[in-house]
Structures are given as C-alpha cells and as structure tokens.
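A.B. asks: Sequence and predicted model, in that order:
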Amino acid sequence: MKTSELTGADLDYWVAKAQGGRDHKISPEIWRFSDGSNASKKDYHPSTNWAQCGELIEKFELLVFKDTAWTAQYGDYAFEQEHGETPQEAIGRAVVASVFGDTVGVGLPDGKEEVSDE
C-alpha cells in the first residue's frame with residue numbers, strides 16, 4: 001500500500017510500527033515502543049488524537065504547514081514531504097515514510113506487517 005494513501009486504522013498501525021511498536025510482553029493489546037513507552041492499541045489513534053500526534057512533530061523533526069493541503073516535511077533539509085486532508089494525516093504519513101519509504105505492507109495486525117519491496 002502506498003504510504004501517501006494510508007488513513008485511519010491503517011495509518012495508526014504504521015505510525016506505531018514506525019516508532020518500533022511491537023506487542024508488549026504482558027499483553028498483545030499494548031504497544032511497546034522502542035523508546036520504552038507503552039500505549040493501549042485500543043486507544044492509540046495519532047491520526048485523530050493531537051496528544052499522540054503532536055509529539056511526533058518534535059520526535060521526527062517535522063515541519064508542518066498548510067498550502068493547498070496539509071504538508072509535513074521530513075528528512076535532511078526537509079526535502080521529503082507527505083500530504084493529508086488534516087495535519088494529523090500528513091504528520092502520520094511523514095512518520096511512516098521517513099522509516100519505511102513510499103510503500104508499506106498491506107493490512108493490520110493479521111500477520112501482514114512486512115514492508116513491501118514494490
């Protein structure tokens with residue numbers, strides 16, 4: 001699936017994976033991130049939750065602005081960018097693209113979480 005087309009639950013899932021998200025030892029219902037923090041999978045929605053999404057701007061060093069669409073720039077000198085209908089969507093896509101590139105595997109936590117080679 002193209003990173004630029006991720007929305008909703010798919011976007012939330014890949015944002016978590018981009019942060020090193022994996023199942024917590026205690027419960028598969030909890031994300032365990034590479035920085036040691038945790039989040040309930042049921043309540044983790046950075047595509048719509050500013051408290052979860054906003055911290056990604058600093059963590060991934062993003063520049064966010066609105067032109068014809070919301071844009072989040074990333075990478076050295078912020079030459080790479082992703083767009084969205086909302087700032088959260090643009091931020092989430094930029095986070096995913098900065099880690100996985102333009103394409104990700106298809107599906108949610110049904111075992112299909114490998115990065116696509118396309």
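C.D. replies: Thanks, I have the structure now.

A.B. asks: Just the C-alpha atoms of the longest helix along the chain, please, in CSV.
C.D. replies: If you go by DSSP state H, the chain has its longest helix at helix 87-100. Extracted as CSV, the C-alpha positions of helix 87-100 are listed here (Å, rounded to 0.1, in the frame of the first residue of the first chain):
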residue,chain,number,x,y,z
PRO,A,87,-2.3,17.9,9.8
GLN,A,88,-2.5,14.6,11.7
GLU,A,89,-2.8,12.7,8.5
ALA,A,90,0.2,14.5,6.9
ILE,A,91,2.2,14.0,10.1
GLY,A,92,1.4,10.3,10.3
ARG,A,93,2.3,9.7,6.7
ALA,A,94,5.6,11.6,7.0
VAL,A,95,6.5,9.5,10.1
VAL,A,96,5.7,6.3,8.2
ALA,A,97,7.5,7.4,5.0
SER,A,98,10.6,8.5,7.0
VAL,A,99,11.0,5.0,8.3
PHE,A,100,9.5,2.7,5.7
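
A.B. asks: Now do it: which elements does it pack against?
C.D. replies: Judged by 3 or more Cβ pairs under 8 Å, 6 or more residues apart in numbering; DSSP states H and E, helix 87-100 is in contact with helix 8-18, helix 50-59, strand 63-66, strand 70-74, strand 80-84. All C-beta atoms are positioned from the backbone trio N, CA, C, and that covers glycine.

A.B. asks: and for stretch 29-45, what are the contacting residues?
C.D. replies: D12, A16, Q19, G20, G21, R22, D23, H24, K25, Q52, P109 (Cβ atoms under 8 Å, 6 or more residues apart in numbering).
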